[in-house]
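need coordinates for the below:
(one chain, ligands or ions: 2)
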Amino acid sequence: MSTPLPLLAVTAGEPAGIGPDLVLRLPELALPARCVVIADKTLLQQRAAALGLHVPLLDYRHEQPAPAGALEVWHVPLAAPCRPGVLDAANGRYVLATLDVAIAGCVRGEFAAMVTAPVHKGVINDAGVAFSGHTEYLAEHTATPRVVMMLAGAGMRVALATTHLPLRAVPDAITRDSLGEVIRILHADLVSKFGIAAPRILVAGLNPHAGEGGHMGREEIDVIEPTLAALRNEGMNLIGPLPADTLFNPDKLAQGDAVLAMYHDQGLPVLKHASFGAGINITLGLPIIRTSVDHGTALDLAATGRADPGSLFEAVRLAAQLAT
Ligand SMILES: NC(=O)c1ccc[n+]([C@@H]2O[C@H](COP(=O)([O-])OP(=O)(O)OC[C@H]3O[C@@H](n4cnc5c(N)ncnc54)[C@H](O)[C@@H]3O)[C@@H](O)[C@H]2O)c1
Ligand SMILES: N[C@H](C(=O)O)[C@H](O)COP(=O)(O)O
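Ligands and ions are numbered 1, 2, ... in the order given. Have a look, this model is predicted:
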């Protein structure tokens, strides 16, 4: 008897964006997972019609996997009809409801992992819910005090010491405690999830030229170096703090298994330049497995047929691999 495929929850994300278009493409490939899309079924039917896709949509039944070529759907109703490309705050809470279904299913063990299509952070806030990203939402809703965002693609892994916060808040958010926790999570998950026995982590500085010996900022001297020194004493292989402008040169990258950038736009533009459309976002440190795409809602492409599903396929493959 063959081993059953891991059962993954795939949330379709912002209804006006490309998430519905992308999940409808899942049956095209023989992916190493059984996927259940969490979304409004009528929305998927309408989007399939707009795209000219003939995908049978079947209600999810745990004991009855759909045949090849069909898509299993866990129906969560929209609050208001959706027009492709047009955001509507009335549906902000619908997006969160799809995440809640996936999280609850993972926590109770029904789903082996969750994969998320992109959401629009702004419209969820417009709906009256403070929301800065899946990463922070998942941490809060699994009662996990700290998680780490890592994107992977083009042979690179880039983790972030801070995630979605205003740039002016970044230096204050990087403390010896917070940085130490981030590095411990990154190190532990590189070992446990990626099978790297002794991970080498390249750590970026915060300031230009890693502070130039304290002449361009003191965070490297006061926070980053002491944190790295303490963790090296525990046996971790940490290289840095390194000037971020040359850290991504191929020779330097080859010396590490992952980069730790200090903030979102220090690390992610490099990775997305190299791998946009095929990269994966993974939340480290969670009690459940969660992967995601490397792109946003692309409202301009919804229902056009021009959205590339490559990143979603990669996110499903990684989630399945981690789950098995
Ligand atoms: N995983 C997520 O939930 C996630 C990730 C990134 C951004 N976002 C959110 O998405 C919203 C829009 O963000 P943005 O405009 O900065 O970035 P975006 O990724 O939506 O769009 C940037 C550009 O890339 C193109 N693009 C994006 N995905 C594509 C795909 N699959 N195939 C082809 N082209 C694609 C878009 O058309 C656009 O030109 C924001 O609210 C942002 O916060 C969500
Ligand atoms: N920072 C991510 C990116 O740029 O791809 C994106 O905003 C998604 O983050 P969440 O997974 O936290 O929603």
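
check what pLDDT the residue of the stretch 151-300 of the chain at minimum distance from ligand 1 gets.
Residue nearest to ligand 1 within the stretch 151-300 of the chain: residue 296 (2.4 Å; Cβ to the nearest ligand atom). Where C-beta positions appear, they are placed from N, C-alpha and C, glycine not excepted. On the pLDDT scale, residue 296 is placed at 98.

ok, now residue 1?
57.

what pLDDT does the model give residue 156?
You'll see residue 156 listed with a pLDDT of 97.

for residue 21, grab phi and psi.
Backbone torsions of residue 21, given as degrees, to the nearest 10, read phi -60, psi -40.

ok, now which ones touch it?
47, 51, 301, 302, 303, 305, 307, 309 (Cβ atoms under 8 Å, 6 or more residues apart in numbering).

circling back: so who does the closest residue to the residue of the stretch 151-300 of the chain closest to ligand 1 other than its chain neighbours touch?
Excluding the flanking residues, the one nearest residue 296 by Cβ to Cβ, 6 or more residues apart in numbering is residue 118, at 4.9 Å. Residue 118 sits next to 13, 14, 17, 18, 19, 292, 293, 295, 296, 297, 298 when contact means Cβ under 8 Å, 6+ apart.

spell out which parts of the stretch 101-250 of the chain neighbour ligand 1.
Within the stretch 101-250 of the chain, the positions adjacent to ligand 1 are 118, 119, 120, 121, 122, 134 by Cβ under 6 Å from any ligand atom.

doesn't residue 131 make contact with the fourth one?
Looking back up the chat, that one is residue 121. Yes. In this structure residue 121 lies within contact range of residue 131 using Cβ atoms under 8 Å: 5.8 Å.

how many residues are close by the residue nearest to residue 190 when sequence neighbours are not counted?
Nearest non-adjacent residue to residue 190, counting by Cβ to Cβ, 6+ apart: residue 199, 3.9 Å away. Using other Cβ atoms under 10 Å, residue 199 has 19 neighbouring residues.

okay, residue 199: pLDDT?
98.

who's in contact with it?
Contacts for residue 199 (Cβ under 8 Å, 6+ apart) come out as 186, 187, 190, 191, 236, 237, 257, 258.

one more time with 10 Å, if that's ok
The contact partners of residue 199, by Cβ atoms under 10 Å, 6 or more residues apart in numbering, come to 157, 186-191, 236-238, 256-258.

from those residues, which land in strands?
Counted as lying in strands by DSSP state E, out of those, are 157, 237, 238, 258.

mind putting the contacts of residue 118 into a markdown table with distance to residue 139 and secondary structure?
Below are these laid out as a markdown table (distance: Cβ to Cβ, whole Å; DSSP: H, G, I helix; E, B strand; the rest coil):
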| residue | distance to residue 139 | secondary structure |
| --- | --- | --- |
| 13 | 19 | coil |
| 14 | 20 | coil |
| 17 | 23 | coil |
| 18 | 26 | coil |
| 19 | 21 | helix |
| 292 | 14 | strand |
| 293 | 19 | strand |
| 295 | 22 | coil |
| 296 | 20 | coil |
| 297 | 22 | coil |
| 298 | 26 | coil |
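
mind checking which of the residues you listed are buried?
Among the contacts of residue 118, those that count as buried by neighbour count (16 or more other Cβ atoms under 10 Å) are 13, 14, 17, 18, 19, 292, 293, 295, 297, 298.

just checking, the second one touches residue 293?
No. In this structure, residue 14 sits apart from residue 293 without contact. The criterion is Cβ atoms under 10 Å, and the distance is 11.8 Å.

spatially central residue for this structure, please.
residue 281 (3.2 Å; Cα atoms, centre = their mean).

report the beta-bridge partners for that residue.
Here residue 281 sits in beta bridges with residue 151, residue 292, going by DSSP bridges.

check residue 8 too.
Assigned bridge partners for residue 8, using DSSP bridges, are residue 35, residue 113.

measure it to residue 273 for me?
Going from residue 8 to residue 273 by Cβ to Cβ, to the nearest Å gives 29 Å.

more neighbours, these two?
Using other Cβ under 10 Å, the more surrounded residue of residue 8 and residue 273 is residue 8, with 28 against 10.

tell me the contacts of that one?
By Cβ under 10 Å, 6+ apart, residue 8 lies in contact with 26, 31-37, 102, 105-106, 111-115, 289, 291, 315-316, 319-320, 323.

same question, residue 274
Contact analysis of residue 274 by Cβ under 10 Å, 6+ apart lists 153, 154, 155, 156, 158, 248.

if you set the cut-off to 8 Å instead, what comes out?
Contacts of residue 274 (Cβ under 8 Å, 6+ apart): 153, 154, 156.

quick check: the first one touching residue 271?
Pointing back at residue 153 there. Yes. Counting by Cβ under 8 Å, residue 153 touches residue 271, with 5.7 Å between them.
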